[in-house]
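In: Need the 3D shape of this:
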Amino acid sequence: MTPTPLHSPPMRSQHRQMTDLCERCQRFDIQSLADRAYPWRGYRTHDVQISAESGCLFCATLIQELLPAESRSERKKTGDWIHFRALRREWTTSDNAIERGPGPSEQRATGLNITRLIAKVAVHSIEGNVSSPKVEFHVVADEADPATVSGDIVGGYTERDAGSSHQTVASIKSWIDECRHHYDCSRTFSGSEKLDAAGSPLPTRCIYVSKTDDGSLKFELQHTAGKISQYVTLSHRWTAETGTVSTTQANMADRLRGIGLDNLPPLFTDVFTLVANLDIPYVWIDSLCIIQNDASDWSIEAVRMGEYYQRSAFTLACSDAQPNTLFNKTEPSNIRAPLIQMPYRDPSGKQQGYFYLHKQNIMERYENAVAKSELLTRGWVFQEWILSRRIICYTSSGLFFLCQSRSPRTEIGQLIKPELLLLQPLSSDEYSGDKHAAEKYSLKNSLVDHSLSVSSRRDVDKETHADWEHLVEAYSGLRLTCPSKDRLIAMSGIADEFARALRKRYASIGQTEDDGDVLTTPIRTYVAGLWLSSIRRGLLWEQVQKGTHERIPTIPTWSWASISTQVWWNKPKVEWWGEPVYKTICDFELDRVLHHTFEEYQAGLIDTNPTKPTVDGPLEILPRNNDSRGVRDNPYARFPILCLRAKLQPVILGGYFISDQDVQVTAQLVSHKSLPRTKNWRMVASPLKRDHIAGCASIEHPDFQPPNQQADSVVVDKGQPILYALHISTFGGGRGGMTLSYLSLSHRVFSVLFVRPVQTIVNGYERVGVGRLFGKEIDRGFEDAVMREVRLV
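Out: Numbering: from 1, shown residues only. Just a heads-up that it's a prediction; the model follows:
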């Protein structure tokens with residue numbers, strides 16, 4: 001079918017020449033894109049090519065994007081028409097905004113509501129293939145122009161001063177009102193509690209924002225604990241200026257009287273301006289609402305921060321690398337993509353000013369402004385974004401709205417599909433885990449992916465804790481200014497919600513905390529970043545990058561949080577020869593957990609002072625008696641020691657594997673789902689057979705990093721260290737053959753921790769690394785070993 005031309009018939013009154021447009025484009029008629037049975041319009045391809053050569057900016061852009069000169073040799077022919085279709089914004093009761101082409105039977109409401117223009121053409125290649133390259137233009141107009149007033153063009157400059165725009169404030173209010181009806185956006189991350197953003201418990205302190213009689217803003221710090229109201233939180237990157245304006249013990253009293261808040265950074269005052277325009281009275285900003293030089297106040301408030309973000313009306317986020325302001329001052333003239341001025345005609349065909357086209361990839365904008373922003377590399381921001389029910393993100397590329405239930409979108413309703421990886425658990429394309437599992441923590445709407453809501457999963461324990469592993473994988477690679485203090489605290493809010501989710505999930509399948517064995521009884525037990533209900537698998541974390549990384553001495557070595565690098569868990573194979581491969585037999589027992597201070601451990605005072613209160617049971621993270629501090633502020637619960645009964649056998653640690661082939665063979669023997677992403681595996685041998693590989697090891701302990709990265713030509717030399725393999729679990733089904741130097745259809749594989757003795761505690765061992773072992777010598781070694789007490793520090 002031949003498309004209807006896009007231009008109006010020539011009219012004498014319309015012969016005004018516009019810069020850089022051909023006569024056809026000067027007669028462009030936006031009304032031809034109205035709702036009709038056949039919405040496609042078009043230009044003849046040959047005419048566009050001629051106009052492009054004559055200097056028409058719009059035609060030249062079409063040819064450059066759709067039919068570039070560099071691909072001319074690959075084209076056999078092109079379609080006779082370049083087709084156009086408009087996408088418009090529509091508001092519905094079930095979603096935020098839907099952009100689509102108008103349907104044939106729809107009535108036009110208030111104008112055409114056009115936000116984008118799509119152009120495409122058919123291309124036949126010399127190989128006989130047919131493709132349809134397309135280009136997308138954003139359609140924008142100034143607020144006061146007839147194109148905008150009529151409602152025909154609802155696209156706007158994303159670079160304008162969003163904070164002072166009445167349209168922006170109206171968009172935010174409309175989006176929040178719509179979002180409050182979303183099921184997941186009105187519940188906590190765990191799904192265990194319904195939230196009311198219009199009436200939430202306020203944090204301990206907030207900034208109260210009000211307007212004076214002359215219309216100026218007034219703000220003061222207030223004690224707000226126990227009050228119910230509406231408030232907004234801020235997610236931003238600290239700068240040197242942030243520290244200079246922070247609340248301290250010295251200025252606390254003045255700020256409670258409204259004194260000393262006059263010289264705040266523009267970022268903060270912009271936030272206050274926006275919330276005042278939105279009629280929200282309170283703002284929570286960590287640097288202003290926590291006493292920064294009061295260790296006691298910080299320790300109390302730090303573990304409440306996740307709850308503050310979760311219960312706020314929304315979180316304002318500033319993703320710019322240098323967050324000096326919230327509002328964007330970029331002028332339209334600074335838009336990198338050139339503006340193409342087009343004539344705007346009303347329904348009568350009369351020209352009434354102009355609108356503009358500019359080519360900008362919305363996904364690219366979002367990726368550069370949000371996905372790859374400096375803000376999302378920071379550890380504290382992780383829980384701010386996960387727990388916030390909704391986020392309004394200000395960037396130099398415009399405004400983005402994010403929530404739990406819908407794809408992110410721009411202020412003018414353009415949807416961003418969740419195809420990017422913001423917080424990618426693993427940084428290499430060698431990772432062969434489920435892509436969807438990685439993406440579930442990528443964008444705001446897919447960070448949650450409803451993964452903590454109660455479901456009818458067959459294996460609640462296994463799948464629930466897999467969610468935790470994904471969270472840790474994403475978080476562990478982020479940066480913290482003070483990792484020794486913040487590594488675990490910055491995840492405490494998520495851990496709170498995870499504990500509630502576990503309790504609700506077990507309740508949904510009829511299991512109470514009095515059911516099950518010793519490890520599934522304390523289903524809410526969270527110790528140093530791991531859950532006792534999945535401690536066997538939790539201990540098997542592995543560093544992503546080989547080499548020497550900073551170790552945090554105040555966190556036990558068995559915790560992933562003890563090493564300042566990204567970690568991951570190898571995902572088990574599902575089946576082989578129709579049978580489950582990862583059917584494990586767990587071979588150690590957890591007797592109890594000792595909680596002491598790090599100072600007591602260093603001084604060797606464990607078990608030497610029977611009058612000192614100790615916690616020899618599980619550490620429960622959920623608060624008791626509605627005290628949000630709970631047991632996390634217990635000074636004796638800072639350095640947990642796992643008391644195990646387990647089997648040990650000595651092994652010899654060798655160098656790195658020599659070749660990729662050796663790695664692949666070993667991975668097959670130990671049933672590893674994916675190859676090591678950074679080639680950080682090292683060879684392991686039994687002392688009984690030093691010249692044969694008996695497994696692989698990923699070693700993170702700084703004391704065991706080789707002086708060079710080259711592997712030896714043999715497994716071990718006399719000088720190689722002897723470690724102990726602590727037996728965690730056994731599974732059958734490892735692929736056999738002659739690789740083991742004997743014929744075997746299958747063999748047992750042992751998941752182990754590599755440990756070494758410590759002198760500060762009786763029967764004490766510290767973790768050195770993790771790995772898998774196999775072979776007759778290893779098999780006999782564990783068969784002959786006896787269960788013994790192991791205190792893992």
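
In: mind listing the strands for the stretch 451-600 of the chain?
Out: Assignment of strands within the stretch 451-600 of the chain using DSSP state E, counting those that start in this stretch yields the ranges 526-527, 530-531, 542-543, 567-568, 584-586, 589-596.

In: tell me what the fourth one is packed against?
Out: Judged by 3 or more CB pairs under 8 Å, 6 or more residues apart in numbering; DSSP states H and E, strand 567-568 is in contact with helix 460-476, strand 542-543. C-beta: built from backbone N, CA, C; applies to glycine.

In: How about the first one?
Out: Strand 526-527 sits against helix 492-508, with contacts defined as 3+ CB pairs under 8 Å, 6+ apart.

In: Compare the mean pLDDT across the strands of the stretch 451-600 of the chain and name the weakest.
Out: In terms of average pLDDT, strand 584-586 trails the rest of the strands of the stretch 451-600 of the chain, at a mean of 58.

In: any weak-confidence spans in the stretch 51-200 of the chain?
Out: Judged against pLDDT under 70, the low-scoring parts of the stretch 51-200 of the chain cover residues 89-110, 156-165, 197.

In: sorry, back to before: could you export the strands of the stretch 451-600 of the chain to a markdown table, including columns for mean neighbour count?
Out: Supplementary listing: those in a markdown table, determined by neighbours: other CB atoms under 10 Å:
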| stretch | mean neighbour count |
| --- | --- |
| strand 526-527 | 24 |
| strand 530-531 | 24 |
| strand 542-543 | 20 |
| strand 567-568 | 24 |
| strand 584-586 | 14 |
| strand 589-596 | 19 |
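
In: Residue 704: which of those strands is closest?
Out: With CB to CB, the closest approach to residue 704 among the strands of the stretch 451-600 of the chain belongs to strand 542-543: 12.1 Å.

In: other SSEs contacting the closest one?
Out: Counting contacts by 3+ CB pairs under 8 Å, 6+ apart, the secondary-structure elements packed against strand 542-543 are strand 567-568.

In: ok, back up a step: okay, the helices and strands packed on strand 567-568 in TSV with distance to residue 60 next?
Out: Rendered in TSV, the data for those read as follows (distance: least, CB to CB, whole Å):
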stretch	distance to residue 60
helix 460-476	44
strand 542-543	52
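
In: Tabulate the strands of the stretch 451-600 of the chain (a markdown table), appending distance to residue 706.
Out: As requested, these are exported to a markdown table (distance: least, CB to CB, whole Å):
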| stretch | distance to residue 706 |
| --- | --- |
| strand 526-527 | 32 |
| strand 530-531 | 29 |
| strand 542-543 | 15 |
| strand 567-568 | 21 |
| strand 584-586 | 31 |
| strand 589-596 | 33 |
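
In: Tell me which of the ones you listed sits nearest to residue 792.
Out: Of these, the one closest to residue 792 (CB to CB) turns out to be strand 589-596, at 9.7 Å.

In: Restricting to C-alpha, output the closest one in PDB.
Out: Only the C-alpha atoms of strand 589-596 are listed here, as PDB (Å, rounded to 0.1, in the frame of the first residue of the first chain):
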ATOM      1  CA  GLU A 589      27.800 -30.200  61.700                       C
ATOM      2  CA  LEU A 590      27.300 -26.700  63.100                       C
ATOM      3  CA  ASP A 591      27.300 -27.000  66.900                       C
ATOM      4  CA  ARG A 592      27.000 -23.300  67.800                       C
ATOM      5  CA  VAL A 593      28.100 -19.800  67.100                       C
ATOM      6  CA  LEU A 594      30.300 -17.900  69.600                       C
ATOM      7  CA  HIS A 595      30.000 -14.100  69.500                       C
ATOM      8  CA  HIS A 596      32.900 -12.200  71.000                       C
END
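
In: where does residue 773 fall, phi/psi-wise?
Out: Per-residue torsions, residue 773: phi -130, psi 160 (degrees, to the nearest 10).

In: weakest of the helices and strands packed on strand 567-568 by average pLDDT?
Out: helix 460-476 (a mean of 79).

In: List the buried residues of it.
Out: For helix 460-476, a neighbour-count test (16 or more other CB atoms under 10 Å) marks 460-461, 464-476 as buried.

In: Out of the residues you listed, which is nearest to residue 298?
Out: Using CB to CB, residue 475 comes nearest to residue 298 of the buried residues of helix 460-476, at 20.5 Å.

In: gap between the two ends of stretch 63-82?
Out: Using CA to CA, to the nearest Å, one end of stretch 63-82 lies 10 Å from the other.

In: how about residue 697, what does it touch?
Out: The contact partners of residue 697, taken as CB atoms under 8 Å, 6 or more residues apart in numbering, are 653, 681-684, 754, 769-771.

In: Repeat that for residue 724.
Out: With contacts taken as CB under 8 Å, 6+ apart, residue 724 has the following neighbours: 648-651, 754-757, 765.

In: And the one helix or strand residue 65 maps to, what's buried?
Out: Element membership of residue 65, judged by DSSP states H and E, is helix 57-66. In terms of neighbour count (16+ other CB under 10 Å), helix 57-66 has its buried residues at 57-63, 65-66.

In: helix/strand/coil for residue 644?
Out: For residue 644, the reduced secondary structure class is strand; criterion used: DSSP: H, G, I helix; E, B strand; the rest coil.

In: For beta bridges, what are the partners of it?
Out: With DSSP bridges as the criterion, the beta-bridge partners of residue 644 are residue 590, residue 790.
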